[in-house]
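Novice: here is the input, now give the coordinates:
(chains A and B, ligands or ions: 2)
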Amino acid sequence: MTEQHKSRQELFLAEHRRMKYTVAAIRVISLVCLLILWEVASRAEWIDSFIFCSPSSIARCFVRMASDQSLFYHIWITLYETMVCFALSVLLGELFAILLWLSRRFARVMEPYLVVLNSLPKSALAPLLIVWLGANVKTIIVSGISVAIFGTILNLYTGFQEVDNEQIKLIRTLGGGKLQILKKVILPSTMPLLISIMKVNIGLSLVGVIIGEFLAANEGLGYLIIYGSETFKMDWMLMSIVLLCLIAMVLYKAIAALEKWYAKR
Amino acid sequence: MEALLRFQDVSFSYHTLDGETDVLSHISFEVKEGDFLAIVGPSGCGKSTILSLIAGLLKPEEGSIFFHEQLAAAHGTTAIGYMLQKDHLFEWRNIRKNAMLGLEIQRKKTKEHMDYVDTLLEKYGLEEFKTMRPSQLSGGMRQRAALIRTLALQPRLLLLDEPFSALDYQTRLEVGNDIGMIIREEEKTAILVTHDLSEAISLGNRIIVLSDRPCTVKDELQVVFPDGLSPLEKRNEPVFQEYFQSIWKEMRHHDGAA
Ligand SMILES: Nc1ncnc2c1ncn2[C@@H]1O[C@H](COP(=O)(O)OP(=O)(O)O)[C@@H](O)[C@H]1O
Ligand SMILES: [Mg+2]
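Specialist: Ligands and ions are numbered 1, 2, ... in the order given. Down below sits the predicted model:
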C-alpha cells in the first residue's frame, strides 16, 4: 500500500466518521431543543400546562414512581406479557406453518380463513375475549398473540413454498423424505425470513398487549395510560408513553442483534 | 456381462392443468458396469426426466427400469448417486458439512464413512476449503464439492445432469475434465446427460442421441479413443472431429427428414 493510497483511505474513513458524529449530534440537539421549548412553553403558559404537561413534571413523576418501586412493577408486567406473546406467536406460527406445509390439502382448506383472520382488526376481538376469558392476564396474552400470529403463519408458509424446488430434489436424490426436506432445507433456508418476521412480531406483540391492558388490566403500562386518562394524570400517561418508546426500541435492537449474530455465524 | 441398468421401452408424460406433455416415447437402453454413457439431446427433450426416472423420483407410465435386474424403484436410491445441474451447496453449511449431507440423511455418519469423505476432500484439493462457506469457492471447486457429496454415499451408478452448464466456457472445460478424471479414478459407472455434443464425446465411451420431444432414441454409438487420454486431451485428437461431424450430420439428417 502506498503512502498516498493509505492517506486517501484514511480521508475516506475520517469523512465517514464525521458524517456519523454529525448525524448523532443533530439527533440529540434537536431532541433537547424540543424538550426545552416544551418546558418553556408550559412554564410561560403559552400552552395549557395541565393538559400538555411538561418534561420536568414527567421526570418528577418518574422519580416518584421509581422510588416507591411501583413503576418497575408495571414495566415488568408489560415486558413479561410482551415477551410471552412474542415467543408464543413465533413458536405457534412456525408450528402451524409447518403443519400447512406438511399437508397441502390442509393448507388449501385453511387459506381463506387465515387471510380473513389476518385482515380482521384484532382490537375488535379484545372485548369478546374479556367475556370469554375474564379480565385477566390470559385475555391480554391471547389478544397479543392474535395480533401477530396470522401474519406469521401466512408469511412463513409463503416462504416455505418459495424454497427452490431443485434444493428439495437434492434431498430426495440423497434419499431423504418429507421430514428430512423440512429439517435440512425448508427450516434453515427460511431462517432469515423468520428473523425478519420476529422483528415485526416484537412490535405487534407490544401493540396487542397494550390493547389488552387498556381493557382488561389493573397493572402494566397500558393500564397506567388508561388510568391516567380517566383521572387526568397527564404525567402518568406521557411518562408511560415515553417508556413504551424506550421498550419498543430496546426490544427491536435485541432482535436486530440476533439477526447480526446469525448472519456472522 | 449382465447390464447394471436396463431402461426398457419406457414412456412418460407430465400432467398439469394446462394439459399433457408427452416427454418420453418408448425409450430403451442399457448401461454395463464401468460404462460412461453420454446422452445428448436438445434442451427440453426429456433428459432430466430420464435421470429422475432412473433415480426413482418419478415412476414410468409404461415400460420398466431394472437396476441389477431388479425393478429400480424397489432398490432404493442410495445405490444411485444423482448430481444436479447446479451444485445446490447450502450456504448455511460449510463445505465439509455440505459433503456430509447425504450421510446425515441416510444416518450413516460413522467414522468410516466420514473418513472416506475427508479423504475425497483431501484427494481432490478441497482440504483447505473444508471450513469455508460455499460462496467463498470458485464455480469449479463448488462442482467438485457437489460431486464429493454424491460420492460420499458410495453409489454404484452416478447420474450427472448437465453438471457443467452453469459454468462459463473456460471453467466448464476444466471442470468437465476434472470430474471426468475423478469418476474414472473412483471407477464409477456413470450416465451423463447434456445438450453439448463435444462434452458428450470427450467424456463418454458410449453415446445415445435423442430426438426432440416426445423423445426417442435416434442413434447409439461407441466412442473409442487411445487409452488413458483425459477428456481435454481427447478434444485434440483427430478422431474427435470425425465423431463430432458424423453425429452432427446424423442429427441434422433426421431433423431434415422429420
Ligand atoms: N414437473 C413438470 N411438470 C410439467 N412439465 C414438465 C415438468 N418437468 C419438465 N416438464 C417438461 O417436460 C419436458 C422435458 O423436461 P426435462 O426432462 O427437464 O428436459 P431437459 O432436461 O432435456 O431439458 C420439458 O418440455 C418441460 O417443460
Ligand atoms: Mg434438464
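Novice: can you get me a residue count around A:I36?
Specialist: Neighbourhood size, A:I36 [other CB atoms under 10 Å in any protein chain shown]: 11. (Each C-beta comes from the backbone N, C-alpha and C, glycine too.)
Novice: any idea how many residues pack against the residue in chain A that ligand 1 sits nearest to?
Specialist: Nearest residue of chain A to ligand 1, counting by CB to the nearest ligand atom: A:N165, 8.5 Å away. As a burial measure, A:N165 scores 9 neighbours (other CB under 10 Å).
Novice: got it, and the one 5 residues further on?
Specialist: Here the number of neighbours of A:L170 (other CB under 10 Å) works out to 28.
Novice: low-confidence ranges, chain B, go.
Specialist: Within chain B, the ranges that satisfy pLDDT under 70 run B:1, B:71-77, B:253-258.
Novice: downstream of the host helix or strand of A:L114, the next helix or strand is which one?
Specialist: A:L114 belongs to helix A:104-119 when assigned by DSSP states H and E. Going down the chain from helix A:104-119, the next helix or strand is helix A:126-133, by DSSP H and E.
Novice: which elements pack onto that following helix?
Specialist: If you count contacts as 3 or more CB pairs under 8 Å, 6 or more residues apart in numbering or on different chains; DSSP states H and E, helix A:126-133 packs onto helix A:137-161, helix A:191-216.
Novice: so can I have JSON lines of the ones you listed showing mean pLDDT, distance to A:F72 and mean neighbour count?
Specialist: Formatted as JSON lines, the helices and strands packed on helix A:126-133 follow (pLDDT from 0 to 100; distance: least, CB to CB, whole Å; neighbours: other CB atoms under 10 Å in any protein chain shown):
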{"stretch": "helix A:137-161", "mean pLDDT": "94", "distance to A:F72": "18", "mean neighbour count": "22"}
{"stretch": "helix A:191-216", "mean pLDDT": "93", "distance to A:F72": "16", "mean neighbour count": "21"}
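Novice: could I get these as JSON lines with distance to chain B?
Specialist: Putting the helices and strands packed on helix A:126-133 into JSON lines (distance: least, CB to the nearest CB, whole Å) gives the following:
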{"stretch": "helix A:137-161", "distance to chain B": "15"}
{"stretch": "helix A:191-216", "distance to chain B": "7"}
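Novice: redo these as CSV? Include distance to ligand 1.
Specialist: Supplementary listing: these in CSV, determined by distance: least, CB to the nearest ligand atom, whole Å:
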stretch, distance to ligand 1
helix A:137-161, 15
helix A:191-216, 25
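Novice: tabulate these (JSON lines), appending distance to A:E15.
Specialist: Putting these into JSON lines (distance: least, CB to CB, whole Å) gives the following:
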{"stretch": "helix A:137-161", "distance to A:E15": "39"}
{"stretch": "helix A:191-216", "distance to A:E15": "31"}
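Novice: among those, which is nearest B:S11?
Specialist: B:S11 lies closest to helix A:137-161 among these, at 31.0 Å (CB to CB).
Novice: list the contacts of A:G159.
Specialist: The neighbourhood of A:G159, defined by CB atoms under 8 Å, 6 or more residues apart in numbering or on different chains, consists of A:190, A:193.
Novice: give me every residue that touches the closest residue to A:S123 other than its chain neighbours.
Specialist: Excluding the flanking residues, the one nearest A:S123 by CB to CB, 6 or more residues apart in numbering or on different chains is A:I211, at 5.2 Å. Contact analysis of A:I211 by CB under 8 Å, 6+ apart lists A:122-123, A:126, A:143-144, A:147, A:222.
Novice: and with 7 Å instead?
Specialist: Residues counted as contacts of A:I211 (CB atoms under 7 Å, 6 or more residues apart in numbering or on different chains) are A:123, A:126, A:143.
Novice: run a quick neighbour tally on the residue of chain B found nearest chain A.
Specialist: Proximity of chain B to chain A (CB to the nearest CB) peaks at B:Y82, 3.7 Å away. If you count neighbours by other CB under 10 Å, B:Y82 ends up with 25.
Novice: in a strand, it, correct?
Specialist: Yes - assessed with DSSP: H, G, I helix; E, B strand; the rest coil, B:Y82 lies in a strand.
Novice: residues in contact with it?
Specialist: For B:Y82, the contacting residues are A:173, B:51, B:55, B:150, B:159, by CB under 7 Å, 6+ apart.
Novice: need the contacts of A:I211 in JSON lines with distance to A:S30, can you?
Specialist: Below are these laid out as JSON lines (distance: CB to CB, whole Å):
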{"residue": "A:S123", "distance to A:S30": "33"}
{"residue": "A:A126", "distance to A:S30": "37"}
{"residue": "A:S143", "distance to A:S30": "36"}
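Novice: which helix or strand contains B:E30?
Specialist: Assigned by DSSP H and E, B:E30 falls in strand B:19-32.
Novice: list the contacts of stretch B:107-120.
Specialist: Under the contact criterion CB under 7 Å, 6+ apart, stretch B:107-120 has outside partners B:99-100, B:103, B:148, B:151-152.
Novice: just the closest of those residues to B:R172, please.
Specialist: Taking CB to CB as the measure, B:R172 lies nearest B:I148 of those, at 18.9 Å.
Novice: the longest helix anywhere in chain A: how far from the chain's middle?
Specialist: In chain A, taking DSSP state H as the definition, the longest helix is helix A:3-43. Distance, stretch centre to chain centre, for helix A:3-43: 27 Å (CA atoms, centre = their mean, to the nearest Å).
Novice: go on, stretch B:224-236?
Specialist: Taking mean C-alpha positions (CA atoms, centre = their mean), stretch B:224-236 and its chain are 19 Å apart.
Novice: check stretch A:58-70 too.
Specialist: Averaging C-alpha positions (CA atoms, centre = their mean) puts stretch A:58-70 25 Å from its chain's average.
Novice: okay, it in PDB with CA atoms only?
Specialist: Extracted C-alpha coordinates of stretch A:58-70, given in PDB (Å, rounded to 0.1, in the frame of the first residue of the first chain):
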ATOM      1  CA  ILE A  58     -42.900  13.900  33.700                       C
ATOM      2  CA  ALA A  59     -39.400  13.400  35.100                       C
ATOM      3  CA  ARG A  60     -40.700  14.200  38.600                       C
ATOM      4  CA  CYS A  61     -43.400  11.600  38.100                       C
ATOM      5  CA  PHE A  62     -40.800   9.100  37.000                       C
ATOM      6  CA  VAL A  63     -38.600   9.700  40.100                       C
ATOM      7  CA  ARG A  64     -41.600   9.500  42.400                       C
ATOM      8  CA  MET A  65     -42.900   6.200  41.000                       C
ATOM      9  CA  ALA A  66     -39.400   4.800  40.700                       C
ATOM     10  CA  SER A  67     -38.700   5.500  44.300                       C
ATOM     11  CA  ASP A  68     -41.700   3.500  45.600                       C
ATOM     12  CA  GLN A  69     -40.900   0.700  43.100                       C
ATOM     13  CA  SER A  70     -44.400   0.700  41.700                       C
END
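Novice: could you dump the contacts of stretch B:107-120 to a markdown table with neighbour count?
Specialist: Shown next, in a markdown table, are those (neighbours: other CB atoms under 10 Å in any protein chain shown):
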| residue | neighbour count |
| --- | --- |
| B:A99 | 27 |
| B:M100 | 21 |
| B:L103 | 19 |
| B:I148 | 25 |
| B:L151 | 22 |
| B:A152 | 24 |
